[in-house]
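Visitor: Predicted model follows, preceded by the sequence.
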Amino acid sequence: MKVALTGTPGTGKSSISEILSKKYKVIHLGDFTEARVEYDDTRNSYIVDINILRNKVDSIKDDGIIIIEGHYAHDMTVDKVIVLRCHPNVLKNRLEKRGYKASKIRENMEAEAMGIIVDEALSMYPQNKVYEVDTTNIKAEEGAKIVEYIIEGKGGKYLERISYMEEILKWY
Ligand SMILES: Nc1ncnc2c1ncn2[C@@H]1O[C@H](COP(=O)(O)OP(=O)(O)OP(=O)(O)O)[C@@H](O)[C@H]1O
Ligand SMILES: [Mg+2]
């Protein structure tokens, strides 16, 4: 079974997947450097070819539980999608600690407030395959436990939709 672990930058994909790597096989999409086609100077990030990533993921033998980690993970062919979420104000703190520039922080806060990744996931997968985990007020270890629950089929309550949409109104 392949499980996508996705989310806006800073929601905790790397932190949680590192904990889970003790128990499960983890594939980091960022490691497929051959999928990078261009560097976007204005956004300080690579533009990647999703089809190259898809082919890579499809070629991974599906034995046991495999976690596919990265903010394109929901674009891959998987059995379950887990979207990590974080309140935009807390996400701001996390990204500030990384030294991201203001525009990049803002862009990610907006993307998270609008729920872009969940929307994308729901456009590709049925509701009952798209889980959401709010990492705002918990530690990565707790987040990892919840992801484990979901992987084991005990995470039904995490099919509930999360929205930080009302936050946007407070910004203007
Ligand atoms: N519940 C939580 N789960 C995960 N990370 C958390 C949590 N609470 C706080 N954090 C912190 O938030 C940060 C998340 O960063 P991390 O690199 O894991 O995010 P990411 O989703 O992998 O981002 P990127 O897409 O840029 O790779 C870390 O500093 C981590 O310690
Ligand atoms: Mg990461």
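Guide: Structure's in. What do you need? Residues are numbered from 1 along each chain as shown. Ligands and ions are numbered 1, 2, ... in the order given.
Visitor: List the residues that contact the residue in the chain that ligand 1 sits nearest to.
Guide: Closest residue of the chain to ligand 1, C-beta to the nearest ligand atom: Gly12 (2.3 Å). (Each C-beta comes from the backbone N, C-alpha and C, glycine too.) Shown in contact with Gly12 (C-beta atoms under 8 Å, 6 or more residues apart in numbering): 84, 86, 135, 140, 143.
Visitor: what do you get for Gly155?
Guide: If you count contacts by C-beta under 8 Å, 6+ apart, Gly155 has them with 131, 146, 149.
Visitor: 10 Å instead, please
Guide: 80, 82, 131, 133, 146-149 (C-beta atoms under 10 Å, 6 or more residues apart in numbering).
Visitor: any chance of these in TSV, with secondary structure, distance to ligand 2 and neighbour count too?
Guide: Formatted as TSV, the contacts of Gly155 follow (DSSP: H, G, I helix; E, B strand; the rest coil; distance: C-beta to the ion, whole Å; neighbours: other C-beta atoms under 10 Å):
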residue	secondary structure	distance to ligand 2	neighbour count
Lys80	strand	19	19
Ile82	strand	14	29
Tyr131	strand	18	26
Val133	strand	15	25
Ile146	helix	18	21
Val147	helix	14	25
Glu148	helix	19	17
Tyr149	helix	21	16
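Visitor: want to throw those residues into CSV with distance to Leu29?
Guide: CSV is the format used below for these (distance: C-beta to C-beta, whole Å):
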residue, distance to Leu29
Lys80, 16
Ile82, 14
Tyr131, 18
Val133, 19
Ile146, 21
Val147, 16
Glu148, 20
Tyr149, 23
